[in-house]
Each structure stands twice: as C-alpha cells, then as structure tokens.
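**Student:** Sequence and predicted structure are below.
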Amino acid sequence: MLCVVDAVYGLTVLDNAMYVLSPGSSIIKMYTADTLSPLGKSIHVEGMRNPRDIVACRRDRQLYVADDWNSIWRVSADDHSYAKWLPTASTVEIFRVDTMSLTSTAGYVTVSLSETVQHGRETTGARRSNATVRGRAVSRR
C-alpha cells in the first residue's frame, strides 16, 4: 500500500511504529515502520497547535513533541496519554525549540533559537542546568 502524506514536520520510529507530525495538526499519525501501512489509529493531543519535531525514547516509551516553537509535549506510546511537559505552569522563561534529538542513553538534547532552554529528566520532569553556545542553547540530561 502506498502512503501519501501532504507535509511532514517530524517523524520518529519506536519498535515497528512510525509516528508522523503534520504542520498545524494536533494529530500524531501512526504507520508500520516496515511497510508504511497506516496503523488505523492516531494519537490526538488536545491543545497541541503546530508540532515542529518529535523524538521517541525506547527506555520509557515516551514521545516528545516540540509544539509551536515554545512547548514540549510528553506522549505515551503505549496508552497515548499526554501532558504538556515544558513549559509548566511554574515556568516563566520563554524558549524556542528548533530541533530535538535523543541520545542512546535516554538523555536528550534540545537545540533552541533562544539563549536558554529549560529541560528535564524524561520520567520526573526535574529541571537541570543549561549551556549556551553561540546563541544556541544545548541541554543535556
């Protein structure tokens, strides 16, 4: 089966599932990674406005979605529950997420267009320190 997607802003693979973001959509589309067949279900993240990038963590089976440049959602690959991970209600800093990547040790790196970026541990959301490098913030777990 041929699968055609209008525009893709991000995709990631976890096990045999491929998760795909489209601009301006609150839906994460799901396909089989080997045949690209639709899985017949999608994940609707209420409140997500304009997803920009997505990464998957094999260790905790979570998807992390950068949304509209200034927030990150954490979405369970198993039960599709979700929460706005950053910023939280106690967060006052504004940041712009450009791209995200995940290290093999289940840490993550976020490269931002702003001078600082907040980040946390995947399971607890605890904040860690930031580093600014030539106008881009690189955060490591």
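**Tutor:** Noted; the coordinates are in hand.
**Student:** Okay, now the sheet partners of the strand or helix carrying residue 85, with direction.
**Tutor:** Following DSSP states H and E, one finds residue 85 within strand 82-86. Paired strands of strand 82-86, with direction, are strand 71-76 (antiparallel) (DSSP bridges).
**Student:** Sort out which residues of the strand it pairs with are buried, please.
**Tutor:** Residues 71-75 are the ones in strand 71-76 that count as buried (16 or more other CB atoms under 10 Å). Where C-beta positions appear, they are placed from N, C-alpha and C, glycine not excepted.
**Student:** How about stretch 10-27?
**Tutor:** 10-12, 14, 18-22, 25-26.
**Student:** Span of it from start to end?
**Tutor:** End-to-end distance of stretch 10-27 (CA to CA, to the nearest Å): 12 Å.
**Student:** What score does the nearest residue to residue 61 once chain neighbours are set aside have for pLDDT?
**Tutor:** Of all residues not flanking residue 61 in the chain, residue 77 sits nearest, at 4.6 Å (CB to CB, 6 or more residues apart in numbering). As predicted, residue 77 sits at a pLDDT of 96.
**Student:** Check the gap between residue 77 and residue 62 for me.
**Tutor:** 7 Å (CB to CB, to the nearest Å).
**Student:** Looking at the two, which one has more neighbours?
**Tutor:** Neighbours were counted for residue 77 and for residue 62 using other CB atoms under 10 Å; residue 62 has more, 23 against 20.
**Student:** that older thread, from the buried residues of strand 71-76, pick the one nearest residue 48.
**Tutor:** residue 73 (5.8 Å; CB to CB).
**Student:** ok, the buried residues of strand 71-76 vs residue 40, which is closest?
**Tutor:** Checking the buried residues of strand 71-76 one by one against residue 40 (CB to CB), the nearest turns out to be residue 75, at 18.0 Å.
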